[in-house]
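Q: Here is the input, now give the coordinates:
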Amino acid sequence: MALFTVSLYLAIAVFAGLVYRLLQVGKRPKGMPPGPPTMPIVGNLLQLPKENIHEKFREWAQEYGEIYSIMLGNQRMVVLNSPRVIKDLIDTRSNNYSSRPEMYVGQTLISGGYRLVLMQYDEGWRLARKMIHNLLNIKTAVEYIPYQELELRQMLFDMVKRPDKYHDHVRRYSTSLVTSIAFGWRSLAYNDQDVRQIYEGFEEFAVASQVSASILDYFPILRVLPDWLSPAKRKGKQLHKEEIALYKKYMLKVKERKEKGIIAKNFCDDMFKQQEKIGFTDDWASYVSGTLLEAGSDTTASIFLSFAVAMINFPEVQKKAQDEIDRVIGADRLPTMADEVGTFERSYRVRHVANASQMDLQYIRGVVKESLRFLPSSILGIVPHATTNADTYNGYEFPAKTGMMINVWTLNNDPERYPEPRKFNPDRYKNDLLRAQESATLNDPYQRDHFTFGAGRRVCPGLNIAERSLFLGIAYMLWAFSFEHAIDENGNKIPVSTEAVTQGIVCRPQPFQYKMVERDPKRTQRVLKAWDNAKELLTKYPEGIRSTQYVSDWKDFTAKEKF
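A: Presented below is the predicted three-dimensional model:
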């Protein structure tokens, strides 16, 4: 009897201990920043809405201040809401704040551990980042302006022919630019199978990996379930099979062309040289090049959509931008990258060129920056950073592997930095002569233009190319077209929301109706002629696409091409 009693007490004690440990799951650890009250086991998961999670994160920021924490099951997440905190942690202590939280669904299941944006801060990530930096840094980005010119001329041509397909045209442009840079081939139409596969696959990944969807990340014990009991595991593994087959196909095409002696400057050719030296696998190489493609294609297209939403809702901004284009460019030629200047070039003009302030498109630069701020593609910083080692900050304690989220939506809508933040106002940047990379490294984080490109060592590596794409594309479109509200059957304007966005780690405006109206038949004819001239380049220069517009010598600011 005594033995039975002892066994019973022991069983009760073990059970109580297990219950106690279970109840600690979801509880905010001592020393973490304050945040919304947690519930046992789930933490704050049940407080996260299925849609528009960025609005809830902003609401909590208004309540808890510049830094707060939430619990997602057993995962810790610190949310950063001020430029000062981001500078102190993500930038200044980047060696410890550049990793990623464990993402079982997004990285292990769907990506086979290879997806660059989700990689831990380790040697594999540093190798991939170095290769991509060599491809996309601020010096080499200038080399891709000819590719941008070519693809944008086709985009404008396509818009003339099918003005009702704006969404498809901007996606084709951004995809073709990245396939040219990464693989050396162009995406000629959005309905091409390869182009659609890129977007459809990435959309599935983005939804499956969003904060409110990854239940297997927050409760690791569920990972032991067999596949037939876990739809998330089955779906993740199927997505991985489809992704790696697609990315490997792209990469192997480059190898086949190289073996035939067909070589064009692209990322994969440079990567193959590193592969011969280091010996990483084709699977790793496929994902590095493939995820470079998905990241570059979707984000730029998303901001072009944000720009169109803004032009429709703020016609006075569109009018002011077009007035500047007409004053600086006129109607006889398309804009060029020589019309965009930064601090260095501007200082030269001021010293050497009469009426220098009348020669560039500063308001268009403001439209670009405001488009990135107003409806960012990385509405919650794409993917959180994570601490590699435990750290302390302002009395708070961060254990190792604590997630650090850059709350981009809240930062970009701070009314103290951006008065009337839901008003699209490019004049916020009238005195900002810095390019995105220069702005991201400012000592004073409150002078930064926006946080859409991220921060620290995980800042978007393609920001230099993206910014040029946006500038030239927006200038092209405003030169040739106006955006207007679509009209319903009763003659009323169909509203376009400035708040409705898709869900996932990369966001874009929800589908909307619009009208694209040509500004002048003569400009339209110049668009058609510009594309004819660009097509001739493809046959005239088989060894590569050459620029017809960009002035390589920065001193020759007055050189302009006439079509």
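Q: ok, residue 240 touching residue 113?
A: No: taking contacts as CB atoms under 8 Å, residue 240 lies outside contact range of residue 113: 9.9 Å. Using the backbone N, CA and C atoms, a C-beta is placed for each residue, glycine as well.
Q: which of these two has more neighbours?
A: residue 240 (20 against 15; other CB atoms under 10 Å).
Q: Chain neighbours aside, what residue packs nearest to the most centrally placed residue in the chain?
A: In the chain, the residue lying closest to the centroid (CA atoms, centre = their mean) is residue 299, at 4.1 Å. The shortest distance from residue 299 to any non-neighbouring residue, by CB to CB, 6 or more residues apart in numbering, is to residue 377 (4.5 Å).
Q: which ones are touching that neighbour?
A: 298, 299, 302, 303, 306, 452, 506, 507, 508 (CB atoms under 8 Å, 6 or more residues apart in numbering).
Q: Check residue 197 too.
A: residue 246.
Q: after the strand or helix carrying it comes which helix or strand?
A: Residue 197 belongs to helix 193-208 when assigned by DSSP states H and E. Per DSSP H and E, the first helix or strand lying C-terminal to helix 193-208 is helix 215-218.
Q: Just the mean pLDDT for the helix or strand that that following helix is followed by, thanks.
A: Downstream of helix 215-218, the next assigned helix or strand under DSSP H and E is helix 231-259. Confidence for helix 231-259, expressed as mean pLDDT, is 86.
Q: Which SSE is immediately downstream of helix 231-259?
A: Per DSSP H and E, helix 231-259 leads on to helix 267-278 as the next helix or strand towards the C-terminus.
Q: how much distance is there from that next one to the middle of the chain?
A: 25 Å (CA atoms, centre = their mean, to the nearest Å).
Q: ok, now which ones touch the residue nearest to the centre of the chain?
A: By CB under 8 Å, 6+ apart, the contact set of residue 299 is 174, 377, 378, 460, 462, 466, 506.
Q: In what element of secondary structure is the first one found?
A: Same thing as residue 174. Assigned by DSSP H and E, residue 174 belongs to helix 166-183.
Q: Just give me how far that helix sits from the chain centre.
A: The chain centroid and the centroid of helix 166-183 are separated by 14 Å under CA atoms, centre = their mean.
Q: C-alpha coordinates for that helix, CSV please?
A: Extracted in CSV, the C-alpha atoms of helix 166-183 (Å, rounded to 0.1, in the frame of the first residue of the first chain):
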residue,chain,number,x,y,z
TYR,A,166,-0.8,47.3,-66.0
HIS,A,167,-0.4,44.7,-63.3
ASP,A,168,0.9,42.1,-65.8
HIS,A,169,3.2,44.6,-67.5
VAL,A,170,5.0,45.7,-64.4
ARG,A,171,5.5,42.1,-63.3
ARG,A,172,6.9,41.1,-66.7
TYR,A,173,9.3,44.1,-66.5
SER,A,174,10.7,43.3,-63.1
THR,A,175,10.9,39.6,-63.8
SER,A,176,12.7,40.0,-67.1
LEU,A,177,15.2,42.4,-65.6
VAL,A,178,16.1,39.9,-62.9
THR,A,179,16.2,36.9,-65.3
SER,A,180,18.5,38.9,-67.5
ILE,A,181,20.9,39.7,-64.6
ALA,A,182,20.7,36.3,-62.9
PHE,A,183,20.4,33.9,-65.8
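Q: Return the distance of stretch 66-80 from the chain's centre.
A: On the basis of CA atoms, centre = their mean, stretch 66-80 is displaced by 22 Å from the centre of the chain it belongs to.
Q: average pLDDT for it?
A: On average, stretch 66-80 scores 95.
Q: That stretch: end-to-end distance?
A: Stretch 66-80 has its terminal residues 6 Å apart, counting by CA to CA, to the nearest Å.
Q: next one: stretch 221-238
A: Using CA to CA, the end-to-end distance of stretch 221-238 comes out at 21 Å.
Q: hmm, who's touching it?
A: Stretch 221-238 has contacts (CB under 8 Å, 6+ apart) with 104, 105, 108, 109, 110, 208, 214, 215, 216.
Q: How about that stretch, which residues are buried there?
A: By 16 or more other CB atoms under 10 Å, the buried positions in stretch 221-238 come out as 222, 230, 232, 233, 235, 236.
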